[in-house]
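Engineer: next one to model:
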Amino acid sequence: MWINLHARIRELMGMRRASSIGAAIVLTVAAAGVAVVTGAAPASASCSHSHSNVDNKFGQLFNATNVNIRTGPHTTCGSLGYGQLSHNVDFHCFASGDRVSANGHTTYTWTYLRDTTTGVSGWVADALLDNLGGNVAC
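Structural biologist: Numbering: from 1, shown residues only. Here you go, the predicted structure:
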């Protein structure tokens, strides 16, 4: 309850929602060293979200391999391609979405980005990006 209230207050103040949450779940980490735990999207979750190119972060910003680049900020949205550690990306903005845990972080925000190595644009959970994703809200 506290984390949800805290996240809502930060959201209302225009700040990004990202928090680490302890979990009583034992995870088996794949060879890549990444474990992803997700919460199901509500039935009303939409894979079409507005976005704009207002963030200026650019570089090799994926923090895992085979990162799904999705059509929307939900784990149920289709995958358009996969980001790799060696790929360069251009962050556009971030928005609220499904809860995702990876690399010791749990986030509720997703960044819209363009993988300039492959040309694929879409949404990536901030837990899978360096410094927990973009800095500018969509």
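
Engineer: which strand or helix spans Y112?
Structural biologist: strand 105-115 (DSSP states H and E).

Engineer: which positions in stretch 104-116 come out as buried?
Structural biologist: By neighbour count on 16 or more other C-beta atoms under 10 Å, the buried set for stretch 104-116 is 105-115. Glycine gets a C-beta too; all of them are placed from N, C-alpha and C.

Engineer: which residue sits closest to P73, ignoring its sequence neighbours?
Structural biologist: Spatial nearest neighbour of P73, excluding adjacent residues (C-beta to C-beta, 6 or more residues apart in numbering): G97 at 2.7 Å.

Engineer: and that neighbour, how far from C47?
Structural biologist: 10 Å (C-beta to C-beta, to the nearest Å).

Engineer: just flag the most distant two among the buried residues of stretch 104-116.
Structural biologist: Farthest-apart pair in the buried residues of stretch 104-116 is T106 and R114; separation 25.3 Å (C-beta to C-beta).

Engineer: is A127 in a helix, a strand, or coil?
Structural biologist: Under DSSP: H, G, I helix; E, B strand; the rest coil, the three-state class of A127 is helix.

Engineer: out of everything not next to it in sequence, what's closest to H87?
Structural biologist: Residue nearest to H87 in three dimensions, not counting chain neighbours: T117, with 4.0 Å by C-beta to C-beta, 6+ apart.

Engineer: now do the helices in the chain.
Structural biologist: All helices of the chain, identified by DSSP state H, fall at 2-12.

Engineer: need phi/psi at the closest residue to V54 other than its chain neighbours.
Structural biologist: Sequence neighbours aside, V136 is the residue nearest to V54 in space, at 4.7 Å (criterion: C-beta to C-beta, 6+ apart). Torsion angles at V136 (phi, psi; degrees, to the nearest 10) stand at phi -120, psi 130.

Engineer: noted, bye for now.
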